[in-house]
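Engineer: Predicted model and sequence follow; I will ask about them next.
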Amino acid sequence: MGNEALGTYTTLRLGGPAGTLTVAAETDEAVTTVRNAYAKGSPLLILAGGSNVVVGDAGFAGEVLLLRTRGIEPVETQAGSVVLRVAAGELWDDFVEYAVTNGWSGIECLSGIPGSAGATPIQNVGAYGQEVAHTIVAVHAYDREADSIRAMSPAECEFAYRSSVFKHNDRFLVTHVDFRLAVSGDSAPVRYAELARSLGAEAGDRVPLRQARDTVLKLRAGKGMVLDPDDKDTWSVGSFFTNPVVSAGRWSELGLDAPHWPAEDGSVKIPAAWLIEHAGFPKGFAGEGVSISSKHTLALTNRGAGTTDALLALARTIRDGVRDRFGVELHPEPVLVNCAL
């Protein structure tokens with residue numbers, strides 16, 4: 001297949017045509033597609049859920065691989081834990097539901113996140129006090145340079161805040177991910193203040209898995225962060241900007257009366273949403289056919305007639321406004337394909 005609009009396969013519903021399009025339902029087929037593209041020196045774009053990617057209006061002239069592999073398999077069972085091997089194309093929220101239904105704890109607060117299981121380690125997906133790096137024990141990936149599939153340890157994955165060795169790196173095709181989950185009907189300790197309040201719990205408490213999942217889904221839906229084809233507030237990549245992390249010294253220099261929390265190595269994390277709102281960009285702030293979500297300041301949305309160029313113009317306006325007002329630089333969270341901020 002070729003010349004098909006990639007907006008068909010992204011949650012933003014934006015993106016121009018593909019050069020060629022291959023749909024892979026089996027891992028071997030996906031690996032062969034990547035191997036052949038690498039051998040020919042052809043540009044290759046891998047898409048699964050399309051929830052964390054912004055594709056330019058000109059599309060992608062090379063080969064596009066749509067990953068549609070499926071499967072969840074227990075590979076190790078102990079008294080208190082289970083290791084599950086999940087195919088990269090498996091829908092992430094389907095896996096979370098499967099874990100909650102079976103009484104496996106550790107990813108329940110990641111409910112409702114769109115996209116595929118194989119994409120989660122690339123971004124080190126996180127929400128409501130959990131991130132996938134907390135439970136991943138191995139990422140199985142096809143290494144184009146070595147022409148082999150290898151199991152990569154968490155250390156080799158180089159997990160960091162919304163990042164990993166896989167992000168902005170076309171060397172690897174994630175094929176499966178191994179997660180170690182606790183055998184428990186209760187959630188992991190609740191770490192996120194907003195979630196704890198919604199649960200009527202205290203930080204560190206455990207609650208029934210189903211209650212945790214349902215509460216997270218409700219919170220996310222209220223912010224337009226659960227995909228709904230009839231709600232244009234969900235036509236987004238989720239949070240467009242990451243929360244800035246600055247050194248303790250820089251935080252003192254800024255002198256901001258803003259919410260903040262400690263990050264690694266004594267640094268300080270500042271909520272991007274607060275910076276955006278206080279720089280003069282409220283919910284619903286509109287560009288041409290695009291706008292900030294009416295439900296969540298961090299989501300930039302396609303209102304149905306938008307373009308990638310218009311979305312990025314809005315993102316630049318917000319980024320530059322925050323920098324001019326506060327002296328803090330915002331950085332995009334999604335991967336930008338054939339376009340730039």
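Structural biologist: Sure thing, it's come through. Residues are numbered from 1 along each chain as shown.

Engineer: CA atoms for contacts and neighbours, from now on please.
Structural biologist: Noted.

Engineer: How many residues are close by the residue nearest to R319 when sequence neighbours are not counted?
Structural biologist: In this structure, R319 finds its nearest non-sequential neighbour in L330, 5.7 Å apart by CA to CA, 6 or more residues apart in numbering. By other CA atoms under 10 Å, 23 other residues sit near L330.

Engineer: so L330 touches V245, yeah?
Structural biologist: No - L330 lies out of contact with V245 (CA atoms under 8 Å); the separation is 9.7 Å.

Engineer: and the residue lying closest to S153 once chain neighbours are set aside, helix, strand or coil?
Structural biologist: Leaving out its chain neighbours, the residue that sits closest to S153 by CA to CA, 6+ apart is A138, at 4.9 Å. Three-state call for A138 (DSSP: H, G, I helix; E, B strand; the rest coil): strand.

Engineer: Assumed I318 was part of a helix.
Structural biologist: Yes - counting by three-state DSSP, I318 is found in a helix.

Engineer: so where is the stretch 151-300 of the chain shaky, pLDDT-wise?
Structural biologist: Judged by pLDDT under 70, the stretch 151-300 of the chain has no weakly predicted residues.

Engineer: hmm, try it at 80
Structural biologist: 264 (pLDDT under 80).

Engineer: Strands of that one, start to end?
Structural biologist: Assigned by DSSP state E, counting those that start in this stretch, the stretch 151-300 of the chain shows strands spanning 172-183, 245-246, 261-262, 268-269, 290-292, 300-302.

Engineer: ok, the residue nearest to S153 - contacts?
Structural biologist: Neighbouring residues of A138 by CA atoms under 8 Å, 6 or more residues apart in numbering: A151, M152, S153, P154, V177, D178, F179.

Engineer: Go through those residues and name the one nearest L254.
Structural biologist: Taking CA to CA as the measure, P154 is the one of these closest to L254, at 34.7 Å.

Engineer: what's the burial count for that closest one?
Structural biologist: Applying other CA under 10 Å, we find 17 other residues in the vicinity of P154.

Engineer: same deal with the one 10 residues further on?
Structural biologist: Using other CA under 10 Å, S164 has 21 neighbouring residues.

Engineer: Then E145?
Structural biologist: For E145, the number of neighbouring residues by other CA under 10 Å comes to 10.

Engineer: Wasn't it part of a helix?
Structural biologist: No - looking at E145 with three-state DSSP, it is coil, so not inside a helix.

Engineer: I'd like to know how far it sits from T22.
Structural biologist: The gap separating E145 from T22 is 21 Å, by CA to CA, to the nearest Å.

Engineer: just V82 next, same as before
Structural biologist: Applying CA to CA, the value for V82 to T22 is 34 Å.

Engineer: who's more crowded, the two?
Structural biologist: Legend: neighbour count by other CA under 10 Å for V82 and T22, higher for V82 (19 against 16).

Engineer: show me what contacts that one?
Structural biologist: For V82, the contact set (CA under 8 Å, 6+ apart) comprises P74, V75, E76, W104, R180, L181, A182, V183.

Engineer: Most neighbours out of those, which is it?
Structural biologist: W104 (26 neighbours).

Engineer: which ones are touching the residue nearest to that residue when sequence neighbours are not counted?
Structural biologist: Excluding the flanking residues, the one nearest W104 by CA to CA, 6+ apart is V183, at 4.8 Å. V183 makes contacts with A79, G80, S81, V82, G103, W104, S105, as judged by CA under 8 Å, 6+ apart.

Engineer: how many neighbours does the residue nearest to R70 when sequence neighbours are not counted have?
Structural biologist: Once flanking residues are discounted, R70 sits nearest to E90: 4.8 Å by CA to CA, 6+ apart. Residues contacting E90 under the criterion other CA under 10 Å number 23.

Engineer: Please apply the same query to K167.
Structural biologist: A count of nearby residues for K167, using other CA under 10 Å, gives 18.

Engineer: Repeat that for S105.
Structural biologist: 25.
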